[in-house]
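Q: starting from these lines, generate the structure:
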Amino acid sequence: IDKNNFEIYLFISSKKLVISAYTSFNKIIYEKELLLELESKNFIFEKLDFFLNENIFKIEKILKNFVKNIFVILDFGEIFPVELSIKRNSHKNIINLENLNYLLYEAKDCCKKTVDDKKIIHMLINNYQIDNKNYSFFPEGINGNSFSLDIKFICISERLVKDLELILKKYQISLGQVVSARYIEKFLNDNEKNMFLM
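A: Prediction:
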């Protein structure tokens with residue numbers, strides 16, 4: 001096992017906490033689960049601190065390396081969606097990745113201004129539209145007068161992110177990325193049920 005090349009995942013829900021360590025070849029090195037009784041958010045964070053204290057040093061001992069970064073998968077009520085549509089007139093120009101990126105940055109900026117104290121964790125494109133014709137995929141290279149996107153942002157509270165960062169900081173760990181468990185579950189199938197590998 002290449003113990004210098006690994007990823008650590010932390011699943012947080014109101015029902016359980018799970019920490020897993022995987023090699024770059026998706027081989028599990030360590031996994032521990034703690035079942036919770038339905039309680040308040042503060043209770044979850046108290047348990048999370050205890051849970052990390054019990055497990056981070058064990059993982060570091062196995063890896064003979066410090067855990068510096070962790071990916072968090074959330075599955076409790078702090079997650080909410082924001083949907084918007086954004087349009088740009090192209091004046092018969094070819095639609096390309098530059099047009100797409102421009103609209104995505106503009107949409108992200110609008111979302112941030114609209115939902116104060118929130119952090120965007122996922123940005124999903126539900127529909128592309130060129131001259132009122134819908135596409136489920138990016139139709140690069142098509143000429144059009146107008147180009148629009150229907151986008152869904154999945155957001156969490158900035159306070160939640162700060163609370164997570166404070167707890168992880170005690171163990172000299174930075175928060176790598178926060179993702180929604182419900183979003184990941186959409187990609188799971190009968191063959192792949194492991195949320196961490198997905």
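
Q: from here on, just use CA atoms for contacts and neighbour counts.
A: Noted.

Q: residues contacting the closest residue to Ala107 other than its chain neighbours?
A: Closest residue to Ala107 apart from its sequence neighbours, by C-alpha to C-alpha, 6 or more residues apart in numbering: Ile86 at 6.5 Å. Contacts here follow C-alpha atoms under 8 Å, 6 or more residues apart in numbering; on that basis Ile86 touches 103, 107, 148-150.

Q: in helices only, show me those residues.
A: Among the contacts of Ile86, DSSP state H puts 103, 107 in helices.

Q: redo the contacts of Ile86 as TSV? Include distance to Phe76.
A: Listed next are the contacts of Ile86 as TSV, based on distance: C-alpha to C-alpha, whole Å:
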residue	distance to Phe76
Leu103	30
Ala107	26
Ser148	32
Leu149	28
Asp150	26
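
Q: tabulate the contacts of Ile86 (CSV), appending pLDDT and neighbour count.
A: Listed next are the contacts of Ile86 as CSV, based on pLDDT from 0 to 100; neighbours: other C-alpha atoms under 10 Å:
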residue, pLDDT, neighbour count
Leu103, 88, 19
Ala107, 90, 23
Ser148, 90, 22
Leu149, 92, 23
Asp150, 94, 16
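
Q: any low-confidence regions in this structure?
A: Along the chain, the model assigns pLDDT under 70 to residues 1-4, 38-42, 77, 90-91, 187-198.

Q: residue nearest the centroid of it?
A: Val179 (2.1 Å; C-alpha atoms, centre = their mean).

Q: what pairs with it across the strands?
A: Ile73 (DSSP bridges).

Q: and Asp49, what does it touch?
A: Per C-alpha under 8 Å, 6+ apart, neighbours of Asp49: Ile167.

Q: what separation is there between the residue nearest to the centre of the chain and Ile154?
A: From Val179 across to Ile154, the span is 9 Å (C-alpha to C-alpha, to the nearest Å).

Q: overlap in contacts of these two?
A: Common neighbours of Val179 and Ile154 are listed as 121-122 (criterion: C-alpha under 8 Å, 6+ apart).

Q: now do the phi/psi pair for Glu140.
A: The phi and psi torsions at Glu140 (degrees, to the nearest 10) take the values phi -70, psi 140.

Q: returning to what we had before: just the element for the residue nearest to Ala107, please.
A: Here Ile86, judged by DSSP states H and E, is contained in strand 80-94.

Q: quick check: neighbours of that strand in the sheet, parallel or antiparallel?
A: Assessed with DSSP bridges, strand 80-94 is paired to strand 143-157 (antiparallel).

Q: so for the strand it pairs with, what gets flagged as buried?
A: Applying a neighbour-count criterion of 16 or more other C-alpha atoms under 10 Å, one finds 143-144, 146-157 buried in strand 143-157.

Q: tabulate these (JSON lines), appending distance to Leu63.
A: Shown next, in JSON lines, are the buried residues of strand 143-157 (distance: C-alpha to C-alpha, whole Å):
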{"residue": "Asn143", "distance to Leu63": "53"}
{"residue": "Gly144", "distance to Leu63": "54"}
{"residue": "Ser146", "distance to Leu63": "53"}
{"residue": "Phe147", "distance to Leu63": "49"}
{"residue": "Ser148", "distance to Leu63": "48"}
{"residue": "Leu149", "distance to Leu63": "45"}
{"residue": "Asp150", "distance to Leu63": "44"}
{"residue": "Ile151", "distance to Leu63": "40"}
{"residue": "Lys152", "distance to Leu63": "38"}
{"residue": "Phe153", "distance to Leu63": "36"}
{"residue": "Ile154", "distance to Leu63": "34"}
{"residue": "Cys155", "distance to Leu63": "33"}
{"residue": "Ile156", "distance to Leu63": "32"}
{"residue": "Ser157", "distance to Leu63": "33"}
